[in-house]
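J.: Quick one, what's the 3D model for this:
(chains A and B)
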Amino acid sequence: MAPMATTDPIFELRGVCKYFDDTCALSNIDLAIRNGEFLTLLGPSGCGKTTILRILSGFETPSTGEVRLNDTVINDVPPEKRKVNTVFQNYALFPHMTVRDNVGFGLAMAGTEKGEMARRVREALTMVHMEHLADRRPGQLSGGQQQRVGIARAVVNNPLVLLLDEPFSALDFKLRKAMQLEIKQLQRSLGITFVFVTHDQEEAFAMSDRVVVMNEGQIVQVGTPKEIYEEPASLYVARFVGDINILDATVRNATGDGMYRAEVEGVTMALHSKRRFSDGTEVKVLLRPEDLRVHRVAEGMLDEPHLLGRIAQTVYKGATVDLYVQLDDAHGGKTVMASEFFNEDDEEIIYDAGERVAVTWVDGWEVVLHAEDQ
Amino acid sequence: MQKISSRFVRTSIVVVTLWLSIFVLAPQAMLLIATFLERGQQDFLTTTFTLGNYVRLFDPVFLLIFWESFRLAGITTLVCLLFGYPFAYILATSRRTLRPWLLLLVIIPFWTNSLIRTYAMVIILKSGGVLSNVLLWLGLIDQPISLMYTDFAIFIGFSYTLLPFMILPLFAAIEKLDMRLLDASKDLGATAFQTFRHVTLPLTMPGIVAGCMLVFLPALGMFYVPEILGGSRFMLLGNYITNQFLMARDWPLGAAASTILTATLIMMILVYLRSVRASARSGEGALEGELLSTEGA
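T.: From the prediction side, this is the model:
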């Protein structure tokens, strides 16, 4: 039923910069938002993600550059004239109106005929499971209920794009999870383009078709959640999305076919990378905790290259155990973290503190970056 | 610590209650009693009971004064609202560093006695006064004019004296207004006028009602402004009451007129309080206990 996300951009930012007084909030943003996709702007507070959203909604105008909606430049079109609606962070429901009047506000302002308005308001409220509370006032609703009304109030106007500004940040963890699922399903069934702003990486990954990672007013990477997680373009992205182990290495020479021979923390190993490195380059080797493998040294020497260390701490997580391994001084002395999954009849992932171990990783899962790519 | 503060609270309440009883309640009661007594030649009052003082107020002259007072107070309130609302809005939405200074401008006139300020208005409004000279200089009039002893002079006098009482409650109401609601309204396609009409106005209504009360009620009773700026042509309620006590020496009639005025004002305040309570009921958190759990469904 829902149209698949196409590659035609519905919303486009071209060379957008935004200055507040003399501070640069956004610098040279190029972003094409595809029709029907669920796009998330992800970054820490102050990274410019909310400014982008306010430029899309029309509450801010870019200092330079173009904003295009359906191939028309809309830089100077005010928010009330854009077919774009926003779900606000703190709901921003009108306290003096009932839920029904809140949802019908946009239609009433557009002069929609009474019967049609009542029908569409009812449909929107049913969609967010709030039809039974239509006569309540916002002050009589819980946070989650208020946010449902906020969503209904926005989607009832059939916007081309729905903007969501950290809509779940005031909700508790469990409710948040439930709302994430619901919003995702809603987006699928409506087929409307959603632009979602959050600082929560898990939330971004759970919901989005594509994620835009931002830092200090710049886009640092755009990609699917899988690409962002598995192929971070910089150390910043790698650190921002999930836990990461970073090892120092020096490239010795290329061995062809995207393979390099390198000294990783003093051990000669083979590294995989699509990037090009000249001989002698200082690089960082990025490994997710689940990429690492930990072996008992007592069980005999490994024939593959490895780093030696001691178990510093084990943290039981239920489905996994996090092993903190302090590498030997000969291997840089860093502490790395490895997540090991429990296996039914496998007790061997229980380690004692101080036990001697060797650390390796799944061949080819490493990400190699230039050391200066912060 | 707890005991001291609770004793302090009790003492304060007792002192305030005593003060109000002696200086407000008792005179008011005496005034009310006086309305039912006959006028005396020697001591202003006799001890004979009568309802005649109220009957005497059903005189067309008094009813005209009553009507004229309400009309002038009503128009004054409207003028104050029309000028006060935009000012209060600018005040409430101005930069935080600028706000105390603007607020100071509103409050400065209070530092001078309002009677003296009303006399100062004479210098502006009289023939050959400041306003007349400015109009002459601008070429809008050819000979000096006097604006004294007109409706206009009274509106100017009332509005000038009472404008701060309109601005301050409006400022308080507008400052509390969540500006994100205005963003939400715009986002939903409302024009600036629609946003004002459907969001700003209803949400600042308590401030509007409070401001109107604070202007309208004193405007009904303020006797020296029409006395000074309106001259003998304007007999308003306040002047009428003053005259009964000080000139005509008819205390019972003055007391009856005063009681009618007080009763009218009390009624209006009750209407106001009911409207405030009604809007508080519909406001936030009134029924927090009744939340239904549809979450996670």
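
J.: which residues touch stretch B:68-82?
T.: Residues from elsewhere that reach stretch B:68-82 (Cβ atoms under 8 Å, 6 or more residues apart in numbering or on different chains): B:151, B:154-155, B:158-159, B:162-163, B:165-166, B:208, B:211-212, B:215-216, B:219-220, B:226, B:234-238. (Each C-beta comes from the backbone N, C-alpha and C, glycine too.)

J.: Take these and, keeping just the buried ones, write it as a PyMOL select command.
T.: The PyMOL command for the buried members of these (criterion: 16 or more other Cβ atoms under 10 Å in any protein chain shown) is given here:
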select buried, chain B and resi 154+155+158+159+162+163+165+166+208+211+212+215+216+219+220+226+234+235+236+237+238
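
J.: Just the ones of the contacts of stretch B:68-82 in helices?
T.: When the contacts of stretch B:68-82 are checked against helices (DSSP state H), the matches are B:151, B:154-155, B:158-159, B:162-163, B:165-166, B:208, B:211-212, B:215-216, B:219-220, B:237-238.

J.: Spatially central residue in the chain, please.
T.: With no chain named, the answer covers chain A. Relative to the mean C-alpha position of chain A, the nearest C-alpha, by Cα atoms, centre = their mean, is the one of residue A:204, at 3.5 Å.

J.: hmm, I had chain B in mind actually
T.: Note on chain B: the residue nearest the mean C-alpha position is residue B:215, at 2.2 Å, using Cα atoms, centre = their mean.

J.: List the residues that contact that residue.
T.: Contact analysis of residue B:215 by Cβ under 8 Å, 6+ apart lists B:73, B:76, B:77, B:80, B:81, B:162, B:163, B:165, B:166.

J.: okay, now the fifth one: neighbour count?
T.: So the one you mean is residue B:81. The number of residues packed around residue B:81, counting by other Cβ atoms under 10 Å in any protein chain shown, is 18.

J.: any idea of the pLDDT on it?
T.: Confidence at residue B:81, expressed as pLDDT, is 97.

J.: just checking, next helix/strand downstream of the helix or strand it falls within?
T.: Residue B:81 belongs to helix B:60-93 when assigned by DSSP states H and E. Under the assignment DSSP H and E, the closest C-terminal helix or strand after helix B:60-93 is helix B:99-107.

J.: For whichever helix or strand comes after that following helix, what does the pLDDT average out to?
T.: Downstream of helix B:99-107, the first helix or strand assigned by DSSP H and E is helix B:114-125. The predicted model assigns helix B:114-125 a mean pLDDT of 90.

J.: Go through helix B:114-125 and flag the buried ones.
T.: Applying a neighbour-count criterion of 16+ other Cβ under 10 Å, one finds B:114, B:118, B:121, B:124, B:125 buried in helix B:114-125.

J.: from those residues, which two are the most distant?
T.: Farthest apart among those by Cβ to Cβ are B:114 and B:125. That separation is 15.9 Å.

J.: re earlier: so which of the buried residues of helix B:114-125 comes closest to residue B:272?
T.: Looking at the buried residues of helix B:114-125 and their distance to residue B:272, the nearest is residue B:114, at 23.7 Å (Cβ to Cβ).

J.: measure the closest one to residue A:119 for me?
T.: As for residue B:114, its distance to residue A:119 is 59 Å (criterion: Cβ to Cβ, to the nearest Å).

J.: With residue B:130 instead?
T.: 64 Å.

J.: ok, now residue A:59?
T.: Separation of residue A:59 from residue A:119 (Cβ to Cβ): 30 Å.

J.: ok, these two, which is more surrounded?
T.: Neighbours were counted for residue A:59 and for residue A:119 using other Cβ under 10 Å; residue A:59 has more, 15 against 12.

J.: need the helices for chain A, in chain order.
T.: With DSSP H as the criterion, chain A has helices spanning A:49-57, A:99-109, A:114-127, A:143-155, A:173-190, A:201-207, A:225-230, A:235-240.

J.: Check which residues of the last one are buried.
T.: This points to helix A:235-240. Residues of helix A:235-240 classed as buried under the neighbour-count rule (16+ other Cβ under 10 Å) are A:235, A:236, A:237, A:238, A:240.

J.: which one of the residues you listed is nearest chain B?
T.: Closest to chain B out of the buried residues of helix A:235-240 is residue A:240 (28.0 Å), distances taken as Cβ to the nearest Cβ.

J.: check contacts around the closest one.
T.: Shown here is residue A:240, whose contacts under the criterion Cβ under 8 Å, 6+ apart are A:42, A:43, A:44, A:201, A:213, A:215.

J.: Now compare those and name the two farthest from each other.
T.: Greatest spatial distance in the contacts of residue A:240: A:201 and A:215, 13.0 Å, computed using Cβ to Cβ.

J.: quick revisit: among the buried residues of helix B:114-125, which one lies nearest to chain A?
T.: Minimum distance to chain A across these is 36.1 Å, recorded for residue B:114 (Cβ to the nearest Cβ).

J.: Quick check: that closest one vs residue A:284, distance?
T.: Separation of residue B:114 from residue A:284 (Cβ to Cβ) stands at 76 Å.

J.: What of residue B:240?
T.: Shown here: residue B:240 relative to residue A:284, a distance of 91 Å by Cβ to Cβ.

J.: Could you list the contact residues of the stretch 151-300 of chain A toward chain B?
T.: For the stretch 151-300 of chain A, the residues found near chain B under the criterion Cβ under 8 Å from any Cβ of the partner chain are A:153, A:154, A:157, A:174, A:175, A:178.

J.: Can you tell me which of the residues you listed are classed as buried?
T.: A:153, A:154, A:157, A:175.

J.: Check the contact between the first one and residue A:105; I expect there is one.
T.: Read that as residue A:153. Yes - applying Cβ atoms under 8 Å as the test, residue A:153 and residue A:105 come out as touching, 6.6 Å apart.

J.: Quick check: phi and psi at residue A:142.
T.: Summarising the backbone geometry of residue A:142 under the convention degrees, to the nearest 10, its torsions are phi -80, psi 170.

J.: Lovely, talk soon.
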